[in-house]
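# Give me coordinates for this.
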Amino acid sequence: MERSIIRVAETFLILLALSAITLGISWSQNPLPSQAELTPLPTPEQTSALALVAAPETSPAQAETPQPALIPSPSPLPLTPTPAALPSPAPALMVEESALSPNDAPLLPQEPGTMNILLLGTDAAADQRLARTDTIIVASIYPNRPAISLLSFPRDLQVRFPNGRADRINTVFEMGHIEGYPGGGAGYLALVLRKNFGIRIDHYVRVDFSGFIKAIDTLGGVEVLVECELHDTFPDKDSPTGKSDLDLYPGKALLNGKQALWYARSRWSTTDFDRARRQQKVIRAALRKVREGNWLQNALSLYADLRDSIETSLSPTDLIPLIEVARRLDDTEVKSRVITWPIVRSYQRPDGASVLLPTEKLLPFITEALAPPASNQAQTRPPVEVYNASGRPDMELVAAERLVWEGFSVVAFGTLEDRFTRTQIINYSPTSKGSPIPRLRTIFKVSERDVIGQPDPSSLAVARIVLGANYDSCPNTALAAGDVPLPEAGP
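Okay, here's the model as predicted:
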């Protein structure tokens, strides 16, 4: 295999593994429409006919018609090999069936050919063994589709060790090295995941913080859509005072490598679940930035910068199917899940440690999480429109991204010149059967009186959300797993 091709595949893995630095990752399950695909806002006559509660004092205005965004096509891959030593792969992960017991979880059913890659992130260098993995993600890659499903494990989740003891999952990697397990920390963690959750791990990738910062800076920074106001202070050796502040408000924000890492890892007045969501935003923004230009060229540049920050069991041969995944993968074929309440419950151990314990819903949740994404159809992704009348910039973008994460298809979005006091939902659906309105009301905290019935069988959207001044863009992520439909239990 040409070394340049191998580099592209490895860099694809690095981009995927960057999520491991940040506890949780998601790409959009359904891409936002291009500006050329936006449906027009209603005329003043059509808008007034909606009979919106607390109608604005002035007549609604048309949103500006943006120009289509042009995305350059990637240039051909260079076919001339560049002499360079490839990283030596660590031992492949193998779990002996003899190490399992009847009380262990059954093997997770997956399609033939599925590759499960364990993504690990620590604040230690990639060659340092004794370090806790505060980030653990399983990526199930389906090369034949192609598709990727990602599942983040909270660091405080308590698991059973092979020796019978129980402790937080973020201690497993370090304990594997301490006990001299043949597969090292990653092999020990693979065994624990198999015993507790039935997940078969094929390979692992571990990346350190410096690799994350380099990747973001190589891309020229990333633009994220901030949902929640955030203020925090971080150690910064490049600052004259030795520290730097990060102050962000809802809307678009351009972050450099350090800022992106701080945003992803801030612990001030937040939870692991909040961090997981922010981390997903950073990775999604990075991948979007790569796709905006010649991403294959960017991949080669990233590889040169990051190869010293990564440790992996993957060999060049293992990378072959990932090349096609990288070339063919579509945003609609990537799914993300994070383990949160009520799939787990809080518990204080006798030693005083606060941990998360699995509930009976955790294994069904993992089955759903690591299954390939659902097809991109209107039945599974209700089409909606979202318009900003809150008076705050970028809220339609923030809300649109939230809707995509929640499984909706955003077919149009824009800004109204007029202001509305309260957020309202225009229901275009002629039937209540299978209506997404209750879910939309929950997402946007809309009362029943602010849902306006306007049946329109010809509408491309089942509903339109008009964001008012009371729109709160900061979601409650702690119960996100509870909103995921789980597979029905067998007989």
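
# Okay, now the sheet partners of the host helix or strand of residue 244, with direction.
When elements are assigned from DSSP states H and E, residue 244 belongs to strand 243-248. The pairing partners recorded for strand 243-248 under DSSP bridges are strand 230-235 (antiparallel).

# Mind listing residues that contact the strand holding residue 244?
By CB atoms under 8 Å, 6 or more residues apart in numbering, the list of residues contacting strand 243-248 from outside reads 226, 229-236, 258-259, 262-263, 266. To be clear about C-beta, it is placed using only N, CA and C from the backbone, and glycine gets the same treatment.

# Now name the helix or strand holding the nearest residue to residue 95 once chain neighbours are set aside.
The spatially closest residue to residue 95, leaving aside those adjacent along the chain, is residue 194, at 4.7 Å (CB to CB, 6 or more residues apart in numbering). Assigned by DSSP H and E, residue 194 belongs to helix 184-197.

# C-terminal to that helix, what's the next element?
Per DSSP H and E, the helix or strand that comes after helix 184-197 is strand 203-208.

# Now do the helices in the chain.
If DSSP state H is used as the criterion, the helices of the chain fall at 3-17, 44-48, 172-178, 184-197, 209-218, 257-265, 272-292, 295-306, 316-328, 362-369, 395-405, 437-444.

# ranking these by mean pLDDT, which is last?
Here the lowest mean pLDDT among these goes to helix 44-48, at a mean of 34.

# which residues does residue 270 contact?
Contact analysis of residue 270 by CB under 8 Å, 6+ apart lists residue 230.

# Likewise for residue 469?
Residue 469 makes contact with 390-391, 419-422, according to CB under 8 Å, 6+ apart.

# ok, back up a step: buried ones in the strand holding residue 244?
If you call a residue buried by 16 or more other CB atoms under 10 Å, then strand 243-248 has these buried ones: 244, 246, 248.

# between it and helix 272-292, how many degrees?
80 degrees (axes from the mean of the first three to the mean of the last three CA atoms, to 10 degrees).

# Pull the number of nearby residues for the residue nearest to residue 217 when sequence neighbours are not counted.
Once its chain neighbours are removed from consideration, residue 217 has its nearest residue in residue 257; the separation is 4.0 Å (CB to CB, 6+ apart). Other residues within reach of residue 257, judged by other CB atoms under 10 Å, total 20.

# mind listing what residue 257 touches?
Going by CB under 8 Å, 6+ apart, the list of residues near residue 257 reads 212-217, 221.

# Of the residues you listed, which is the most crowded?
Of these, residue 212 is surrounded by the most neighbours, 29 neighbours in total, counting by other CB under 10 Å.

# was I right about it contacting residue 261?
Yes: counting by CB atoms under 8 Å, residue 261 is a contact partner of residue 212 at 5.6 Å.

# before we move on, the earlier item: distance of the residue nearest to residue 217 relative to residue 279?
Remark: distance between residue 257 and residue 279 (CB to CB, to the nearest Å) = 14 Å.

# likewise residue 98?
Taken as CB to CB, the span from residue 98 to residue 279 is 37 Å.

# Compare these two and say which is more crowded by neighbours.
Set side by side, residue 98 and residue 279 show more neighbours around residue 279, with 29 against 6, by other CB under 10 Å.

# Settle this for me: that one is touching residue 262, isn't it.
No: using CB under 8 Å, residue 279 makes no contact with residue 262, being 11.4 Å away.

# overlap in contacts of these two?
Here residue 279 and residue 262 have no joint contacts, going by CB under 8 Å, 6+ apart.

# Dump the C-alpha coordinates for the strand holding residue 244 into CSV.
As requested, the backbone C-alpha atoms of strand 243-248 are provided in CSV (Å, rounded to 0.1, in the frame of the first residue of the first chain):
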residue,chain,number,x,y,z
LYS,A,243,-3.4,31.6,33.2
SER,A,244,-6.1,32.6,30.7
ASP,A,245,-9.8,33.2,30.9
LEU,A,246,-12.4,31.6,28.6
ASP,A,247,-15.6,33.6,28.4
LEU,A,248,-18.2,32.3,25.9
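
# gap between that strand and the chain center?
Between the mean C-alpha location of strand 243-248 and the chain-wide mean there is a distance of 24 Å, by CA atoms, centre = their mean, to the nearest Å.

# same thing with stretch 449-469?
Stretch 449-469 sits 28 Å away from the centroid of its parent chain (CA atoms, centre = their mean).

# For it, buried residues please.
Judged by neighbour count using 16+ other CB under 10 Å, the buried positions of stretch 449-469 are 450-452, 459, 461-468.

# got TSV for those, with pLDDT too?
Rendered in TSV, the data for those read as follows (pLDDT from 0 to 100):
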residue	pLDDT
450	98
451	98
452	97
459	95
461	97
462	96
463	98
464	98
465	98
466	98
467	98
468	98
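
# Tell me which entries of the residues you listed lie within strands.
Of the positions in the buried residues of stretch 449-469, 451-452, 463-467 sit in strands, assigned by DSSP state E.

# Specify which member of these is nearest to residue 118.
Within those, distances to residue 118 taken as CB to CB reach their minimum at residue 465, with 38.4 Å.

# correct me, but the closest one touches residue 427?
No: applying CB under 8 Å as the test, residue 465 and residue 427 come out as separate, 10.5 Å apart.

# Distance check, residue 164 against residue 178.
Relative to residue 178, residue 164 is positioned 16 Å away (CB to CB).

# more crowded one of the two?
Remark: of residue 164 and residue 178, residue 178 carries more neighbours, 13 against 6, as counted by other CB under 10 Å.

# ok, the more buried one - contacts?
Under the criterion of CB under 8 Å, 6+ apart, the contact list for residue 178 reads residue 130.

# Look up how far residue 118 lies from it.
In this structure, residue 178 and residue 118 are separated by 19 Å, where distance is defined by CB to CB.

# Between all of the buried residues of stretch 449-469, which two are separated the most?
Taking CB to CB as the measure, the buried residues of stretch 449-469 span a maximum distance of 21.3 Å, between 459 and 468.

# Mind giving me the packing neighbours of the helix holding residue 194?
Helix 184-197 sits against strand 115-122, strand 158-160, helix 172-178, strand 203-208, helix 362-369, with contacts defined as 3 or more CB pairs under 8 Å, 6 or more residues apart in numbering; DSSP states H and E.

# what's the last one in contact with?
By CB under 8 Å, 6+ apart, the list of residues contacting helix 362-369 from outside reads 105, 108-109, 149, 151, 197-199, 335, 337, 339, 343-344, 481, 484-487, 489.
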